[in-house]
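Participant: For reference, the sequence and a predicted model appear below.
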Amino acid sequence: MRRAVLHSALSISAKLHHSMASGTDASGTDVAGSAVASDIPAVSGPISGAVAAFRKATSDEGRFAALLVLAKLTEGNPSSLTQVHSEIGTRFLKRLLGSTKVPPGCPPHIFKGVALSILGAMTAVPDLAREPDILELVDPVLDILVTDGTVELDNDVMVVVAGMAGSPEGRAALLRRGADRTLAARLLGPPPMEEKAAVVAIASLLRLVDDSEKTGVRCGSDRVVVVLNSIASAFETRQDAGKFAACGGLAALLDLIKGSFELESATMTAVSKAGAWQQSVAAGLREVLGSKLGEGERDDALRLAAVTTEFSRSVEWTGSADKLLPLLIRTASVELRMALEDRTIAQATALTSRVVTCCIVCERAIKLLADNGPMVRKLALEPQALVGVHGALAEAAAAALSVVEAADGGDDVATTGAMDDTTRLLQLSCVRLVGAWAAEETEAINERVNECLPALLQLVTRLDAEDEASGTALRWLLPGFCHITAEDAGRARFVEGGGHTATIRILLDHWLPVAAVQQEDLGLSSITACSALLNIAVLAPLMVTSEPVFRELRDRLVQLVGSVDFGANPLLFANLVTLLLRVLLHIPFLPEETQPDWGPFCAALAPLAEAGRGKTSATSSGDDLEDVVALWGLAEQALGATSLHHPLLLQSCKRNKLMP
């Protein structure tokens with residue numbers, strides 16, 4: 001943009017009657033109103049000549065001409081800008097920013113454009129951006145947004161604002177002069193900002209809000225909510241073609257907010273709880289999705305739905321608009337099928353953005369409907385509509401499963417070797433949707449899921465290869481694995497695909513160390529992993545005895561239970577103990593094996609036994625206590641049978657009152 005402005009200005013130089021020799025003020029009066037800083041080296045060469053011409057000029061035309069040359073000579077040379085600023089100051093720039101008249105035949109904003117271009121270059125230099133005389137230009141810069149409101153100047157103004165917002169001094173100056181209100185008003189238009197300028201405006205507004213949260217400067221987190229409510233309301237009420245484009249702009253705003261603040265910050269909390277903007281989004285999307293849309297317009301609408309869903313962590317927000325949820329799910333399902341079915345991985349990867357947004361919406365809808373809570377009843381969907389939503393979600397999950405089948409084909413370059421980020425994102429999104437479906441729905445496409453299990457597990461191994469400790473893909477599938485391993489056919493395919501080995505490996509090597517257990521999400525994942533493995537231990541003892549990895553699980557858990565304090569997560573401890581005792585029941589320690597030290601093991605079990613028998617609730621509370629009691633019932637049964645094969649264990653159990 002700066003280059004374009006300069007090119008335009010230079011091309012009309014003749015109309016401005018400028019000349020490098022037009023300055024005749026031999027006295028050297030400082031027309032810029034700035035003293036030369038003694039600690040900044042003097043400029044030299046062509047820049048020195050342009051500075052001299054500027055200082056000697058006796059007319060605005062002469063100064064403007066010199067300024068044009070300086071802008072050209074300093075382009076891409078930040079150090080020279082510091083020197084030029086020290087020589088010419090900002091007084092003339094301020095006059096240009098406030099100019100209202102231009103010579104006939106010139107672009108209407110030529111003076112302001114050149115001033116903004118040079119000022120933008122200066123504010124890109126951190127040390128210059130905080131200079132008092134530059135920050136004094138906040139008012140005339142913001143006035144351009146208010147009085148001109150032109151798309152032509154938006155980009156240049158926002159470059160300056162963003163540069164000023166890069167320092168604490170600059171943010172304070174902007175806040176004192178109400179930059180937050182000015183930016184909000186300009187974002188709402190009219191005319192609407194172009195996307196490039198809007199993104200910078202939103203980012204600058206968020207920086208101001210973020211700074212105010214830390215320093216207490218006027219401008220609270222409610223500013224973002226107010227702006228968001230206003231923009232969402234404008235989106236809802238708009239009745240022209242711009243409404244479709246507004247979907248993308250509103251989604252971009254939400255994305256910027258989501259990426260600019262910590263999850264627990266005041267701003268994120270305020271935005272997430274603000275229902276007005278969600279209701280406006282729902283009403284606007286209902287109208288947009290009910291219209292005839294082009295491909296790009298559908299993508300923008302689905303993206304807005306996905307980002308709103310991420311903020312709400314549910315699709316409950318759709319309940320404020322009549323019949324929006326069925327329409328949204330049907331649209332997302334159709335788009336997902338068109339993007340994934342009968343395509344290679346490489347072909348589908350080109351549509352990754354669309355796939356991700358559709359997967360987010362469908363996954364949250366699956367969880368909402370499976371929960372069957374008050375919100376589902378509040379939606380008041382007719383039985384036929386509910387059946388339609390269920391069918392659309394089943395089709396979406398089946399489409400996501402086709403990515404697993406495509407990856408298993410081995411005929412695509414994307415299925416072997418290193419996986420690029422886009423392909424990984426595509427496949428992770430599909431795995432997550434399949435996991436949500438398998439966790440909440442055990443009938444539709446169940447046979448197809450079981451058939452694909454080995455390929456699904458192989459894909460998970462590849463997806464988690466770069467971050468084995470986290471096990472992101474595996475964690476998304478574990479709730480579904482609990483259902484799958486409860487059935488004979490699914491359990492057999494799970495073991496055939498090595499699911500038990502992968503689960504045991506990540507549980508023992510990465511999730512159960514003390515540091516990991518303190519993390520709530522990993523603790524929950526560990527509990528879910530135990531549940532899937534416990535299904536195998538209880539329902540398929542032959543699988544336990546025939547798979548060597550279960551013997552390793554036995555040895556490692558005996559050590560962990562007796563040596564690690566799981567007091568921070570009693571439910572996890574109950575799961576581990578129950579799993580261990582069920583495995584011990586089928587793989588006892590043989591006389592020739594080194595026997596564990598059963599003393600610490602049984603001592604650790606004593607508080608759990610007390611809670612499991614209902615004698616104390618000190619180790620847990622609420623729903624967790626009910627689970628602990630149920631788990632102890634299984635554990636106690638296995639402990640009694642196991643102790644018959646381990647005399648030392650029996651003695652230790654009696655000493656710790658674990659059994660009569």
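Facilitator: Cool, got the structure.

Participant: For the chain, name the helix or strand with the lowest mean pLDDT.
Facilitator: The weakest-scoring helix or strand in the chain, judged by mean pLDDT, DSSP states H and E, is helix 2-11 (a mean of 42).

Participant: Moving C-terminal from it, which element do we reach first?
Facilitator: Of the helices and strands lying after helix 2-11 in sequence (DSSP states H and E), the nearest is helix 45-56.

Participant: for the host helix or strand of residue 113, packing partners?
Facilitator: Secondary structure from DSSP H and E places residue 113 in helix 110-123. Using 3 or more CB pairs under 8 Å, 6 or more residues apart in numbering; DSSP states H and E, the elements in contact with helix 110-123 are helix 2-11, helix 60-74, helix 78-88, helix 91-97, helix 126-129, helix 132-135, helix 138-147, helix 151-164. For glycine as for every other residue, the C-beta is placed from the backbone atoms N, C-alpha and C.

Participant: Rebuild the ones you listed as CSV, extending it with mean neighbour count and distance to residue 310.
Facilitator: Shown next, in CSV, are the helices and strands packed on helix 110-123 (neighbours: other CB atoms under 10 Å; distance: least, CB to CB, whole Å):
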stretch, mean neighbour count, distance to residue 310
helix 2-11, 16, 36
helix 60-74, 22, 43
helix 78-88, 21, 39
helix 91-97, 20, 40
helix 126-129, 16, 34
helix 132-135, 18, 37
helix 138-147, 19, 31
helix 151-164, 23, 26
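
Participant: Among those, which comes closest to residue 626?
Facilitator: Evaluated with CB to CB, the helices and strands packed on helix 110-123 place helix 151-164 nearest to residue 626, the distance being 54.8 Å.

Participant: longest helix in the chain, by residue count?
Facilitator: Ranked by residue count, the top helix of the chain under DSSP state H comes out as helix 383-409.

Participant: Now the element after that one, going C-ward?
Facilitator: Downstream of helix 383-409, the next assigned helix or strand under DSSP H and E is helix 421-440.

Participant: Contacts only, for residue 450.
Facilitator: By CB atoms under 8 Å, 6 or more residues apart in numbering, residue 450 lies in contact with 484, 489-490, 493.

Participant: Quick check: pLDDT value at residue 18.
Facilitator: We have a pLDDT of 37 for residue 18.

Participant: got it, and residue 54?
Facilitator: At residue 54, the model reports a pLDDT of 90.

Participant: Okay, it and residue 128: tell me how far apart.
Facilitator: 17 Å (CB to CB, to the nearest Å).

Participant: same check, this time on residue 157
Facilitator: Counting by CB to CB, the gap from residue 157 to residue 128 is 17 Å.

Participant: What of residue 420?
Facilitator: 40 Å.

Participant: Also residue 81?
Facilitator: Residue 81 sits 6 Å away from residue 128, going by CB to CB.

Participant: list residues touching both of the two?
Facilitator: Counting by CB under 8 Å, 6+ apart, the contacts common to residue 81 and residue 128 are residue 122.

Participant: just to revisit the earlier point, weakest of the helices and strands packed on helix 110-123 by average pLDDT?
Facilitator: When I compare the helices and strands packed on helix 110-123, helix 2-11 is least confident, with a mean of 42.

Participant: Report the secondary structure element holding residue 246.
Facilitator: Per DSSP H and E: residue 246 is located in helix 242-260.

Participant: go on, residue 361?
Facilitator: helix 352-371.

Participant: Just the helices from the stretch 451-600 of the chain, written as ranges.
Facilitator: For the stretch 451-600 of the chain, the helices defined by DSSP state H, counting those that start in this stretch cover 472-484, 488-496, 499-506, 514-517, 520-539, 541-546, 548-563, 570-586, 598-612.

Participant: if you compare the ones you listed, which one is most tucked away?
Facilitator: helix 570-586 (a mean of 24; mean count of other CB atoms under 10 Å).

Participant: which helices and strands does that helix pack with?
Facilitator: Here helix 570-586 touches helix 520-539, helix 541-546, helix 548-563, helix 598-612, helix 622-643, going by 3+ CB pairs under 8 Å, 6+ apart.

Participant: which residues sit against the first one?
Facilitator: Contacting residues not belonging to helix 520-539 are listed as 471, 475, 478-479, 481-482, 484-486, 488, 491, 494-495, 499-500, 503-504, 506-507, 511-512, 516-517, 543-544, 550, 553, 569, 571-572, 575-576, 578-579, 582-583, 585-586, 634 [CB under 8 Å, 6+ apart].

Participant: How about residue 279: what's its closest non-neighbour residue?
Facilitator: Distances taken as CB to CB, 6 or more residues apart in numbering place residue 320 nearest to residue 279, at 4.4 Å, with adjacent residues excluded.

Participant: Show the contacting residues for the one you found.
Facilitator: 278-279, 282-283.

Participant: Switch those over to JSON lines; also include distance to residue 602.
Facilitator: Formatted as JSON lines, the contacts of residue 320 follow (distance: CB to CB, whole Å):
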{"residue": "278", "distance to residue 602": "54"}
{"residue": "279", "distance to residue 602": "58"}
{"residue": "282", "distance to residue 602": "57"}
{"residue": "283", "distance to residue 602": "62"}
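
Participant: Let me know the closest of the residues you listed to residue 304.
Facilitator: When these are compared for distance to residue 304 (CB to CB), residue 282 wins out at 10.4 Å.

Participant: how close does the residue lying closest to residue 475 once chain neighbours are set aside get to residue 571?
Facilitator: Spatial nearest neighbour of residue 475, excluding adjacent residues (CB to CB, 6+ apart): residue 525 at 4.8 Å. Applying CB to CB, the value for residue 525 to residue 571 is 13 Å.
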